[in-house]
Each structure stands twice: as C-alpha cells, then as structure tokens.
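Student: Coordinates only, no sequence provided:
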DNA sequence: CACATGTTCGCAATATTATTGCACAATGGG
DNA sequence: CCCATTGTGCAATAATATTGCGAACATGTG
C-alpha cells in the first residue's frame, strides 16, 4: 500500500466508472501495471465493492429520519434480536449499536409518512423490547459521503 | 422507467463492476440496448455516480461516532455557516439539519480518539455558535447500505 | 560488494467489452 | 388506421481489459 495505491483508491471512491487506461495515465503507470494494482486491492478486501449511488429523490425515497432507541432489556441477545429485525427492513439504511442514553440509532429512508408510521408500529413496540424511541426528521442533507480520504 | 430499468438499478446498486454484456443477458436484452438504458439512467441523474466502497477498517478509519449539536443562534445564516465548516471536514461523513431538540446531526469516521478530540475542539466551541453537543460512540455497525431498493 | 529472491514494471499479443449506425418492431396518440 | 416516437437487435468498429514474458528494481543475506 504505497502512495500510488492511495491515489487510486481516492480516484475510485470519487468515480469508479473511469477506465483503467484513464486512471493509469493519471497516476503515471502503464495500464497493465495499474490493473494489477486494482486487482490486488480488490482481492485484499481494501475495496469492498463497486456500487452505483442513486439519487434517492428520483427513485421515490424522499424522506429521511433518524430514530434513537432505548431497549427495555439490554442483554446481548436482546440487542441482537432487535438489530436483526431492524436491518431486515429495506427502509433502514444504517443501524448502529451505540453508547450513551440510547442503545441503538437507525437511519431511515422513506417514501412517505405512512411508511414511517407502519415501520414504527412494526419495529418500536413492546413486543420488540423497546422502552422508548425518539424520531428525528432530517430537514436538510448537507453531506453524505461514502469516500474515506487517505 | 420501467421494470427493466428498475432491475438494472438494483443490479448496479449491488455491484456496479459487472459488465454491460453480463447485465444485458440477466435482464434479457441485447448489450447495445442495455447500454443505451444505462447511458440514459446516468444522463437523467437517476444514477448519481459509481463509486468504490472501501473497508474503513483496512484504511485506518476504525472509530465511528455520532454527534448531536444544538446551536446557540438558530437563524438560517448561522445554520449554514456551521454546516459549511462541518462538511469541510473529511472525518465528517454525514451531516444533517434535523428537527427536535437538536439542530444538527453529524456522523464521524475517525482514525483514533486524538482525532475526535481535535475535531471537537475545532467544531464545537463558542466561536462556532454551539450551545451544546453530545457525542455518541458507535459500538457495532449492524447495517450501512447505500442501495435504495425499488 | 556480489548474489539470490521476490516484486513491480512496461511491452506486446489476445480476448473481451463498449460504442455507434442502421433497419426494423413496438407503442401510443391523433 | 396511419404516423411519429421510442426502443430494439444486428453487425462493424473502437476502446478497453487481460495475460505472458523478460527487464528493471528493490531487498535482504553471506
């Protein structure tokens, strides 16, 4: 992992649709050599995957919300059970176990308020071991970055 | 935007490194026809961009945290100024203006606690108009999904 | 320093893929 | 029913990815 690898990773995180030939010339390598680095980075697991990032507003997921959850029973098994149910929901984009007053933080991407209503009823009830939950609506998205600069 | 487009978008969100030829056969189209759909989806802005998702742990960003921020002065201009400063930080992966007790929620990806210390001192001071902030550490990441299923 | 070992490199040949023009089929108003 | 629009497949071409190979380079050892 040298400076050329880091350059390539930064390029890929910004735009992975570029051709190998193109990136090779930018980092000053021959296409073959550059390709072998890319293959190595993928095999080694530094590059998890290559994905398309859609415009959520153009595919009907316009509402974002954050939910902080406190469980009634805090044991590892209860935690795991709740997280399993939450992550199974496609409206749940992020799910974290956290320190502090709350046990879990979820980020949601929703089509409309009805979906929030239905999901809340499904995930945050007595049956799911939830003592308290607070829903916070996102008014403005100032940054959403998948890249990790190096 | 028909059912084939949606299929393509779901494929691309899971793995955008697949070849056009490959995806064409999966959705039952000729490569040329499939390619023209992909080009259209990109030009129309439904596909924002194609990016590489790295393994944060393998590039030294192992700590995640969430920070909720309440500003002292709540005007639009103050909000904008704080968000500008926050989004400029590469440790800040997500930044949202939100409803409720707090004004802003940030997600952080950090190398170590020193970086959290330095960033907190830089972003959450009197000079930056912060009345109160609460830092919550992420213990476990149960889900982080860029895809928006359709 | 000389040498052995392993890694990375560029070149060139080949395979695979992307891209485009064109004619034809499907679709949806008027 | 006809026309205009859009989408489709085919085929030719251009661009790109992929691999073998020998040379350059770095590294560690006697």
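Tutor: Structure received. The structure presented is a predicted model; accordingly, all values stated were derived computationally and were not measured.
Student: tell me the angle of whichever strand or helix holds residue A:93 relative to strand B:92-98?
Tutor: According to DSSP states H and E, residue A:93 maps onto strand A:92-98. Counting by axes from the mean of the first three to the mean of the last three C-alpha atoms, to 10 degrees, strand A:92-98 lies at 100 degrees to strand B:92-98.
Student: which secondary structure elements does the top strand by length along chain A contact?
Tutor: In chain A, taking DSSP state E as the definition, the longest strand is strand A:130-144. Counting contacts by 3 or more C-beta pairs under 8 Å, 6 or more residues apart in numbering or on different chains; DSSP states H and E, strand A:130-144 is packed against strand A:63-71, helix A:113-123, helix B:76-87, strand B:92-98. Every residue, glycine included, has its C-beta placed from N, CA and C.
Student: rewinding a little: next, see if the strand holding residue A:93 gets close to chain B.
Tutor: Yes: applying C-beta under 8 Å from any C-beta of the partner chain, one finds strand A:92-98 in contact with chain B at A:92, A:93, A:94, A:95, A:96, A:97, A:98.
Student: measure the fourth one to residue B:138 for me?
Tutor: By that I understand residue A:95. 10 Å (C-beta to C-beta, to the nearest Å).
Student: Just the pLDDT for the residue located most distally from the centre of chain A.
Tutor: In chain A, the greatest distance from the average C-alpha position (C-alpha atoms, centre = their mean) is reached by residue A:30, at 33.8 Å. Looking at residue A:30, its pLDDT stands at 95.
Student: Quick one: name the residues of chain A near DNA strand D.
Tutor: A:19, A:20, A:21, A:22, A:31, A:32, A:35, A:36, A:39 (C-beta under 7 Å from any atom of the strand).
Student: Quick one: end-to-end distance for stretch A:86-102.
Tutor: This stretch, stretch A:86-102, spans 15 Å end to end (C-alpha to C-alpha, to the nearest Å).
Student: Next: stretch A:143-150.
Tutor: Terminal residues of stretch A:143-150 lie 18 Å apart, using C-alpha to C-alpha.
Student: same question for it, mean pLDDT?
Tutor: In the prediction, stretch A:143-150 has an average pLDDT of 91.
Student: Just the buried residues of that stretch, please?
Tutor: A:143, A:144, A:145, A:146, A:147, A:148, A:150 (16 or more other C-beta atoms under 10 Å in any protein chain shown).
Student: Pretty sure the fourth one sits against residue B:145.
Tutor: What it means is residue A:146. No: checked against C-beta atoms under 8 Å, the pair residue A:146 and residue B:145 is beyond contact range at 11.0 Å.
Student: Against residue B:80, how distant is the spatially most central residue of chain A?
Tutor: Geometric centre of chain A, nearest residue: residue A:94, 5.5 Å, by C-alpha atoms, centre = their mean. Note on residue A:94: its distance to residue B:80, by C-beta to C-beta, is 25 Å.
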